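Participant: 3D, please:
(one chain, ligands or ions: 1)
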Amino acid sequence: MRFWRKKTAYEPAAEQLSPPEHIAIIMDGNGRWAKKRGLPRTAGHKAGAKTLEHITRAAGRMGVRYLTVYAFSTENWKRPAEEVSELMKLLGTYLDDYRNLIGEDDIRIRVIGSREGLSVDILEKIDRVEQATADRKSLTLNIALNYGGREEITAAVRRIATEVAGGRLECAQIDQTMVGAHLYTADIPDPDLVIRPSGEQRLSNFLLWQCAYSEFWYSDVNWPDFTEQDLRRAIDDYHKRNRRFGGV
Ligand code: FPP
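Facilitator: Numbers count the residues shown, from 1 in each chain. Down below sits the predicted model:
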């Protein structure tokens, strides 16, 4: 089903130029959004999940091929047990819901991150949604869950070292392509654009290897308030950048 290039009230340059192939988003500010309204932090995460659904569809309509979102980092386990448990419950619900909801829109869902420490229930939901959407083609939504960039690189190094120790690989054969092929994102192009709302301007252990040449775009809006128009602004701004990848 072709669903992109639908006309909307806001028609910026983003509609005329091809969009970034891969956008990564750090969905930050859910807690602050909730606090401002006197609500529990979980209400912010719920609202954030709705925003994700909306933005995923919008990105699909614009022709973005990959959207990678930071849902739960390896460091987020440090949060109060109650918040972690609520977040996991919410993620589980959404993994089930997305299978149906986003399914109509030809969106493939993949989960990247460590499986260690995740409950059997969540692991089953991940497997189900990945299998159910495996043949969808227009947009791939990568959900970074129990993800940490340093952990990802460390795991890759460990696997490569195991191959060397087993005599299947020479040290001299290790190059950047090989390292990249051992990451969760092995068959996904690097992000062109990284968006972080909520006024924070840091990477927070997200896609450390993959963001080597990504463009960054920040906004003061908290993630639950992030709109399709914000996405279009980010893309318009991206089109004005001059990407040199270390060249001149
Ligand atoms: C950061 O905001 C956000 C998170 C740690 C969780 C992001 C999760 C969602 C949007 C929930 C749904 C996700 C999916 C894939 C269904 P924060 O809590 O650190 O906010 P704060 O900095 O304002 O406290």
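
Participant: right, and residue 222 touches residue 35 too?
Facilitator: No. Contact criterion Cβ atoms under 8 Å: residue 222 and residue 35 do not qualify, at 9.8 Å. The C-beta positions use only the backbone N, C-alpha and C, and glycine is treated the same way.

Participant: Show me which of these two is the more surrounded one.
Facilitator: Set side by side, residue 222 and residue 35 show more neighbours around residue 222, with 24 against 14, by other Cβ atoms under 10 Å.

Participant: Enumerate every residue touching the residue in the chain that the ligand sits nearest to.
Facilitator: The nearest approach of the chain to the ligand comes at residue 31, 2.4 Å away (Cβ to the nearest ligand atom). Applying Cβ atoms under 8 Å, 6 or more residues apart in numbering to residue 31 gives the contacts 41, 44.

Participant: can you pull the pLDDT of it?
Facilitator: Turning to residue 31, the model gives it a pLDDT of 97.

Participant: Any buried residues in the strand or helix carrying it, and which?
Facilitator: Using DSSP states H and E, residue 31 sits within helix 30-36. Buried residues in helix 30-36, defined by neighbour count with 16 or more other Cβ atoms under 10 Å: 30-34.

Participant: can you give me phi and psi for residue 66?
Facilitator: phi -130, psi 130 (degrees, to the nearest 10).

Participant: That one pairs with what?
Facilitator: Beta-bridge partners of residue 66, counted by DSSP bridges, are residue 22, residue 140.

Participant: what does the chain put close to the ligand?
Facilitator: 27-32, 45, 48-49, 52, 71, 76, 90-91, 94, 143 (Cβ under 6 Å from any ligand atom).

Participant: Between all of these, which two are separated the most?
Facilitator: Within these, 32 and 143 form the most distant pair, 21.8 Å apart (Cβ to Cβ).

Participant: May I see the buried residues of whichever helix or strand comes after the helix holding residue 31?
Facilitator: As assigned by DSSP H and E, the chain's next helix or strand after helix 30-36 is helix 41-62. Within helix 41-62, the residues that count as buried by 16+ other Cβ under 10 Å are 41-49, 51-53, 55-62.

Participant: ditto for stretch 87-99
Facilitator: 87-88, 90-92, 94-95, 98-99.

Participant: Off-centre distance for that stretch?
Facilitator: 15 Å (Cα atoms, centre = their mean, to the nearest Å).

Participant: shared neighbours of residue 222 and residue 35, anything?
Facilitator: With Cβ under 8 Å, 6+ apart, residue 222 and residue 35 have common neighbours residue 44.

Participant: Where does the residue lying closest to residue 46 once chain neighbours are set aside sit: helix, strand or coil?
Facilitator: Excluding the flanking residues, the one nearest residue 46 by Cβ to Cβ, 6 or more residues apart in numbering is residue 90, at 6.3 Å. Assigned with DSSP: H, G, I helix; E, B strand; the rest coil, residue 90 falls in the helix class.

Participant: any idea how far residue 32 is from residue 41?
Facilitator: Computed with Cβ to Cβ, to the nearest Å, the distance linking residue 32 and residue 41 is 9 Å.
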